[in-house]
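[1] I would like the atomic coordinates for the input below:
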Amino acid sequence: MKSDAATAEVSQPYAQALLSIAQSQNLTEEVGGDARTFLSLLTGSQELTGFLSNPFVKPENKKNVLRQLLGEGVNPCLRNFLLLLVDRRRIAFLEPILQQYLALLRQLNQTVLAEITSAVPLTETQQQAITEKVITLTKARQVELATKIDSDLIGGVIIKVGSQVIDASLRGQLRRLSLRLSSN
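    Predicted coordinates for the structure are as follows:
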């Protein structure tokens, strides 16, 4: 398994290079959208991740699979970048590279990532209320929401922005009540 430090050391320069190329062509948002789509494809398919990371699979086979997956719909800048990663034997770091690119893009756009965990799917109104609250707290220009469902919460939400966590879930409230009762 790769260490976090080694992964960061490899992914940072590649993510910066992709951002520089995208900026030079005024395609940062388009590449970002394609990166999000491809990242969700990677996280949803262990087979694809394993195939791309496998050192015994020939680079040409990896390139052919990437070309088929990406088709003509993806930005040529990102497609060429992915093929370059195969050539440089860095395709195993694709997921952290794309995550780092998105983090750099958020930093460039003064956008914060708010990870929302809720017991049930949030309505559009609830998402908008959370977005406004996060903007107020962080003074960011924009907020990107990443939602996740966890039925163990019983109700409410947990909002994570950077290292700050706001636990407004019933499970969290019950845990805090239990701690208060046991300390008396």
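
[2] please identify the helix or strand for the most centrally placed residue in the chain.
    Centroid-nearest residue in the chain: residue 99, 4.9 Å away (criterion: C-alpha atoms, centre = their mean). Assigned by DSSP states H and E, residue 99 belongs to helix 94-108.

[3] buried sites along the helix or strand following that helix?
    Proceeding C-terminally, helix 94-108 gives way to strand 111-118 as the next helix or strand, assigned by DSSP H and E. For strand 111-118, burial by neighbour count (16 or more other C-beta atoms under 10 Å) applies to 111, 112, 113, 114, 116, 117, 118. No exception for glycine: its C-beta is placed from N, CA and C like everyone else's.

[4] so what pairs up with the fourth one in the strands?
    Read that as residue 114. In this entry, residue 114 is beta-bridged to residue 145, residue 161, by DSSP bridges.

[5] okay, now the unreliable bits of the protein?
    1-3, 184 (pLDDT under 70).

[6] how about 50 then?
    1 (pLDDT under 50).

[7] can you pull out the strands in it?
    111-118, 142-149, 156-161, 164-169 (DSSP state E).

[8] go through those and name the closest to residue 40.
    Closest to residue 40 of the strands of the chain is strand 142-149 (C-beta to C-beta; 10.6 Å).

[9] what residues go with each domain of the chain?
    The chain breaks down by the TED database into domains covering 1-107, 110-182.

[10] isn't residue 32 right up against residue 103?
    No: using C-beta atoms under 8 Å, residue 32 makes no contact with residue 103, being 10.7 Å away.

[11] these two: which has the busier surroundings?
    Neighbour count, other C-beta atoms under 10 Å: between residue 32 and residue 103, residue 32 has more, with 24 against 15.

[12] do you know how far that one is from residue 107?
    Relative to residue 107, residue 32 is positioned 12 Å away (criterion: C-beta to C-beta, to the nearest Å).

[13] equivalent analysis for residue 62, please.
    Look at residue 62 and residue 107: by C-beta to C-beta, they are 30 Å apart.

[14] repeat for residue 158
    Computed as C-beta to C-beta, the residue 158 to residue 107 distance reads 24 Å.
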